[in-house]
Structure formats: structure tokens, C-alpha cells
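> Got a sequence here, can you build the structure:
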Amino acid sequence: QVQLVESGGGLVQAGGSLRLSCAASGRPFSGYVMGWFRQAPGKEREFVAYITWSGASTYYTDSVKGRFTISRDDAKNTVYLQMNSLKPEDTAVYYCARSAGRSGSYSQRDYTYWGQGTQVTVSS
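Below you'll find the predicted structure:
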């Protein structure tokens, strides 16, 4: 089993920044794609970003490109999501997830382990 624990969420004004962390324990963290997803009130959970197993490549949904940055520190078994220029529409519960393998994916179905989520609220 893999346990993922997110932290760093909170309340921030529009234009502000937050950095989310996701600490992994249990089975290996390195060698797997790690992703961030979010679920806004009344909406389905959606893809935000993922980082490849090597950390060499990152991918983002269009609405966060240029504002969010995903990174990983395999020595610390931690993946991060730096969120800048936050907007009210970024308000959601943010989840990190570990993929089933080394292939990157935008689909939740390709992620095996999930954290419990951390709330991000952006006020206007």
C-alpha cells in the first residue's frame, strides 16, 4: 500500500500563492508518475498536472498553465504543486495521486493511490 498525505491548503486572496505538498509512504515513490487533481463544489474531479517518473517532463491542464508548477523530490518522497496568481475558480479540494506505472496520464483511472485531499479556497 501507498499512503499519500497532502498539506499546504488554506484560504488565500485572489492573486496570492500557495504551495501544496504530498508526502508518500509505504511502497516506492520513485519510478512512478505523480499527479494532482482537484474537485470544485458541485463539479467532477478534474486533472490539474502530472510529472513523469524521472521528473524531466511536466504537463498541465490549460487553465493553470503558466501559474502552477509541479515538482518532485524523490529523496523526500514528496511531490509539490506551487500555485501562483490564484483565482477564485481555483477553489477546490486538491488531491495528489500515484500512477499505476511509468506512463503519464490525464485520466483518474490510471492512478492507483490517492490522498485524502486538501482544501484550497481563493477569495475574490
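> Give the bridge partners for the residue nearest the centre of the chain, please.
The geometric centre of the chain, computed from its C-alpha atoms, lies nearest to Trp36 (Cα atoms, centre = their mean), at 2.3 Å. Here Trp36 shows beta-bridge partners Ala49, Cys96, assigned using DSSP bridges.
> which residues does it contact?
Residues in contact with Trp36 (Cβ atoms under 8 Å, 6 or more residues apart in numbering) are 20, 22, 48-50, 70, 79, 81, 94-97. C-beta: built from backbone N, CA, C; applies to glycine.
> Quick one, grab the pLDDT at the closest residue to Leu18 other than its chain neighbours.
The shortest distance from Leu18 to any non-neighbouring residue, by Cβ to Cβ, 6 or more residues apart in numbering, is to Met83 (5.0 Å). pLDDT, Met83: 98.
> Ok, Ala56 next?
If you check Ala56, the pLDDT there is 90.
> Can you give me the neighbour number for it?
Neighbours of Ala56 under the rule other Cβ atoms under 10 Å: 7.
> secondary structure class for it?
Three-state call for Ala56 (DSSP: H, G, I helix; E, B strand; the rest coil): coil.
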